[in-house]
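# I'll drop the sequence and a predicted model, then ask my questions.
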Amino acid sequence: MRIVCSVILLFLKPMSSLFFILYILCGISDFLDGYIARKTNQTSKFGAVIDSTADLIFYAVLLMIFIPIIKMPLWVLIWIGAITIIRIGSLIIGFIRYQAIAFLHTYANKASGFALFCFPFLYNFLGLIITAGILCSMASISALEELMINITSKHLSRDVKSIFEKTKNEKSRY
């Protein structure tokens, strides 16, 4: 549902009532799909990959919508570009090491995903500079953490909660 709704967002007037209704539906579906899968014991590697792919499409659509209509300072665009490069590098490293798409469900990724979801609301409340600083900081931390986990882990664990849990789990195997 999130993938289809994300694509539809491209054709709606940004920040309109219909845009926000569909936008909120995307957020609800993101929360509910994982919740329902866990509660019904229907989690799978495929489901985790589809969830992360839906997140990627949703945030890519948001960038395509908001970058042209919001006059972002160059430093914000450069920061977004750097985060994107780190994320792509992490995916490439994960694919090389594990022969699988290595999206991780860390607490930092979940927190930055929620913060990114809140972008339109934060932007209206805090303004661009503060919102961009907060969101880019959170996204940088989560991207760097995911990269470090993919570089240092011996095995792919999509549900690793943090680099600290990874370190503890790696030590406990010996």
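Yes, it's here. Numbering: from 1, shown residues only.

# Let me see the domain layout of this structure.
Domains of the chain are assigned by automatic domain parsing as 1-69, 71-174.

# For the shortest one, what is the distance to the chain centroid?
In other words, domain 1-69. Mean C-alpha position of domain 1-69 versus that of the full chain (CA atoms, centre = their mean, to the nearest Å) differs by 10 Å.

# How far does stretch 89-98 sit from its chain's centre?
Between the centre of stretch 89-98 and the centre of its chain there are 17 Å (CA atoms, centre = their mean).

# Contacts for that stretch next, please.
Contacts to stretch 89-98, defined as CB atoms under 8 Å, 6 or more residues apart in numbering, come from residues Ala100, Ile101, Ala102, Phe103, Ala143, Glu146, Leu147, Asn150, Ile151, Ser153, His155, Leu156. Yep, even glycine has a C-beta here, placed from its N, CA and C like the rest.

# Buried residues, it. List them.
Ser90, Leu91, Ile93, Gly94, Arg97, Tyr98 (16 or more other CB atoms under 10 Å).

# just stretch 13-23 next, same as before
Pro14, Phe19, Leu22, Tyr23.

# Check those and tell me the two furthest apart.
Across these, the longest distance by CB to CB is 11.2 Å; it joins Pro14 and Leu22.

# I'd like the domains of the chain laid out as JSON lines, including mean pLDDT.
JSON lines is the format used below for the domains of the chain (pLDDT from 0 to 100):
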{"stretch": "domain 1-69", "mean pLDDT": "88"}
{"stretch": "domain 71-174", "mean pLDDT": "90"}
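
# Check which helix or strand Gly94 maps to.
Using DSSP states H and E, Gly94 maps to helix 74-98.
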